[in-house]
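In: Just the structure for this:
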Amino acid sequence: MPQHPAGAPRRTVLAAATAVVGVPLVPLVAQATPAAATGHAGGTAGTGRPGQGLPATAQAPSRELRRLLAEVDRDRIEATVRRLVSFGTRHTLSTQDDPERGIGAARDWIYAEMKRYAAASGGRMTVQLQSYIQEPASRIPVATRITNVVATLRGSVDPDRVQVVSGHYDSRATDVMDATSDAPGADDDASGVAVIMELARVMATRRPASTLVFAAVAAEEQGLYGSGYLAEQFKVAGANVQAMFTNDIVGSSRADDGARDPYTVRLFAEGVPTAETPQQADTRRSVGGENDSPARQLARFVRDVADNEATGTHVRVVYRRDRYLRGGDQIPFLERGYPAARFTEPAEDFAHQHQDVRVEDGKRYGDLPEFCDFGYIARVARVNGAALWTLAQAPAAPRGVNVLTSALTNATELVWQRGTEPDLAGYEVVWRETTEPEWTHVIEVGDVVRHTVDLSKDNVFFGVRAVNRSGLRGPVSFPLPRS
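Out: Numbers count the residues shown, from 1 in each chain. Predicted coordinates for the structure are as follows:
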């Protein structure tokens with residue numbers, strides 16, 4: 001039978017939805033119950049404090065996740081940033097065979113460190129130098145070897161499901177073609193590389209259910225070449241990449257006016273998908289969904305699992321692909337249809353990125369380690385860690401989610417395909433008003449593949465997510481119409 005979200009008549013619900021209390025969310029296992037387990041409508045985003053105003057879909061961190069996040073080491077992160085800066089420049093066109101200076105020296109050091117982490121994994125983690133020759137192109141005047149350093153921690157249950165996290169290890173000075181001047185690149189982007197390396201170290205000794213990939217990519221500053229090659233290799237292989245995060249400029253909590261916000265990280269997530277086909281665009285225009293792309297659902301999931309006291313960080317989701325006039329390594333993944341988003345510090349100081357190291361009118365320019373906040377980078381690493389580990393351990397986003405439209409009715413019938421996870425326990429239907437940015441209500445529906453809600457599909461947005469026996473919830477899938 002159709003289910004009223006609160007036992008109230010449909011018209012009452014729709015007339016005063018902001019006052020509705022959803023069906024109580026009964027946790028399947030107490031270990032990882034949602035933060036909003038009372039079933040009340042969730043709060044709004046943007047409070048600026050971790051764990052405050054969270055949506056109804058929020059999940060409290062498990063004991064396992066808390067132990068993992070506690071191992072993130074601020075001092076190791078600082079050491080990584082300073083070591084990368086010590087190579088003088090990491091420009092893509094700099095020397096590749098000098099053992100002390102240039103991008104080749106940085107590449108070899110990252111590879112050696114990742115191999116050292118992998119040695120503690122019992123064979124589960126492998127590390128490769130993923131190289132190709134980029135023929136002359138924009139910002140690449142001569143044929144150049146571009147190399148990504150990629151560590152893969154194979155999943156123990158569903159290894160074909162993949163989550164990727166990256167930072168770019170190349171750097172630049174004021175002139176993007178200057179391959180010889182010092183370009184320390186502490187914030188942009190030794191900070192992001194330090195995040196992914198620290199997570200690789202911490203997770204190497206663990207057994208994720210699905211596969212995690214930690215990638216230090218090259219040639220971002222020259223035009224996203226390294227990440228483009230990485231994304232294309234996944235696409236050619238038919239890889240099931242469920243999520244990709246890039247960490248780019250995550251090293252400072254201080255803005256150009258001196259204001260500090262050490263407990264917020266921005267997460268940029270596109271709305272209309274970059275890879276949307278004309279047919280998909282027609283469907284989106286017909287039923288809505290501009291705010292329900294896979295990237296937006298991924299961003300909501302990050303808020304659900306990483307905006308809390310265990311990370312000490314508020315995740316400020318920004319509804320756009322990237323900043324004005326800028327881009328990042330998430331874009332090649334979006335272009336190939338993979339859900340991807342970008343982490344970036346809360347307010348940038350442009351005197352400390354893409355600048356020659358110098359003092360001018362008493363002001364110091366350059367992307368130097370002294371302008372980094374290493375405690376802040378550690379917190380960003382914990383946000384990434386919470387998102388990645390929960391994605392790896394929780395069920396995948398449901399496939400084949402549809403809202404049935406064959407009949408005119410004021411109830412909504414949803415269908416989906418059952419997942420193959422061995423610890424799958426059931427599903428939840430989520431919903432919100434079309435004007436709400438985040439899910440406000442959760443309905444536990446059990447281990448079924450069909451459910452009817454006594455609310456009109458014309459008036460609210462619905463989604464479906466899976467739950468495992470440990471109580472972990474995966475990302476939400478947005479339904480497409482099916483007649």
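In: buried set for the longest helix along the chain?
Out: Longest helix of the chain, by residue count under DSSP state H: helix 374-393. Burial within helix 374-393, assessed by neighbour count using 16 or more other CB atoms under 10 Å, is assigned to 374, 376-393. Quick note: C-beta positions are derived from backbone N, CA and C, even for glycine.
In: just stretch 136-145 next, same as before
Out: Neighbour counts using 16+ other CB under 10 Å place 139-140, 144 of stretch 136-145 among the buried residues.
In: I'd like the residues you listed as TSV, with secondary structure, pLDDT and distance to A216 appended.
Out: Shown next, in TSV, are the buried residues of stretch 136-145 (DSSP: H, G, I helix; E, B strand; the rest coil; pLDDT from 0 to 100; distance: CB to CB, whole Å):
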residue	secondary structure	pLDDT	distance to A216
R139	coil	98	20
I140	strand	98	19
T144	strand	98	17
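In: Next, I77: secondary structure please.
Out: Three-state call for I77 (DSSP: H, G, I helix; E, B strand; the rest coil): helix.
In: quick one: it and R379 touch, right?
Out: No. The pair I77 / R379 is not scored as a contact, 10.2 Å apart, by CB atoms under 8 Å.
In: which stretches of the stretch 1-150 of the chain have low pLDDT?
Out: For the stretch 1-150 of the chain, the stretches with pLDDT under 70 are 1-48.
In: ranges for the strands of it?
Out: Secondary structure of the stretch 1-150 of the chain (DSSP state E, counting those that start in this stretch): strands located at 125-134, 144-153.
In: The last one packs against which elements?
Out: Spelled out, it's strand 144-153. In this structure, strand 144-153 packs against helix 103-118, strand 125-134, helix 191-203, strand 210-217, helix 225-236, with contacts taken as 3 or more CB pairs under 8 Å, 6 or more residues apart in numbering; DSSP states H and E.
In: Compare the ones you listed and report which one is nearest to T57.
Out: strand 210-217 (20.3 Å; CB to CB).
In: Please state the mean pLDDT value computed over that closest one.
Out: For strand 210-217, mean pLDDT is 98.
In: Equivalent analysis for stretch 386-400, please.
Out: Average pLDDT, stretch 386-400: 98.
In: what about stretch 358-374, how long is it end to end?
Out: End-to-end distance of stretch 358-374 (CA to CA, to the nearest Å): 23 Å.
In: Check the model's average confidence along it for me.
Out: In this model, stretch 358-374 has an average pLDDT of 96.
In: my guess is R145 meets I133, correct?
Out: Yes. With contact defined as CB under 8 Å, R145 reaches I133; the gap is 5.7 Å.
In: of the buried residues of stretch 136-145, closest to R303?
Out: Nearest to R303 out of these is R139 (CB to CB; 35.2 Å).
In: Now do the helices in the stretch 201-350 of the chain.
Out: 220-223, 225-236, 278-287, 294-306, 330-335 (DSSP state H, counting those that start in this stretch).
In: what's the most buried one of the ones you listed?
Out: When those are scored by mean count of other CB atoms under 10 Å, the highest mean neighbour count falls to helix 294-306 (a mean of 26).
In: residues making contact with that one?
Out: Under the contact criterion CB atoms under 8 Å, 6 or more residues apart in numbering, helix 294-306 has outside partners 34, 45, 54-55, 57-59, 61, 243, 267, 269-271, 273, 313, 315, 317, 319, 334, 339-341, 382-384, 386-387, 390-391, 397, 438-439, 463, 473-478.
In: Just the CA atoms of it, as PDB, please.
Out: Extracted C-alpha coordinates of helix 294-306, given in PDB (Å, rounded to 0.1, in the frame of the first residue of the first chain):
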ATOM      1  CA  PRO A 294      25.800  12.200  -9.900                       C
ATOM      2  CA  ALA A 295      28.400  14.900  -8.800                       C
ATOM      3  CA  ARG A 296      25.800  16.600  -6.600                       C
ATOM      4  CA  GLN A 297      24.700  13.300  -5.000                       C
ATOM      5  CA  LEU A 298      28.400  12.600  -4.400                       C
ATOM      6  CA  ALA A 299      28.800  16.000  -2.700                       C
ATOM      7  CA  ARG A 300      25.800  15.400  -0.600                       C
ATOM      8  CA  PHE A 301      27.300  12.100   0.500                       C
ATOM      9  CA  VAL A 302      30.500  13.800   1.500                       C
ATOM     10  CA  ARG A 303      28.400  16.200   3.700                       C
ATOM     11  CA  ASP A 304      26.600  13.200   5.200                       C
ATOM     12  CA  VAL A 305      29.700  11.300   6.300                       C
ATOM     13  CA  ALA A 306      32.500  13.900   6.600                       C
END
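In: residue closest to the middle of the protein?
Out: F245 (3.8 Å; CA atoms, centre = their mean).
In: Report how many residues lie close to the nearest residue to that residue once chain neighbours are set aside.
Out: Excluding its sequence neighbours, the residue lying closest to F245 (CB to CB, 6 or more residues apart in numbering) is V165, at 4.9 Å. V165: 24 surrounding residues under other CB atoms under 10 Å.
In: need the contact list for V165.
Out: Per CB under 8 Å, 6+ apart, neighbours of V165: 195-196, 199, 212-215, 244-247, 384, 388.
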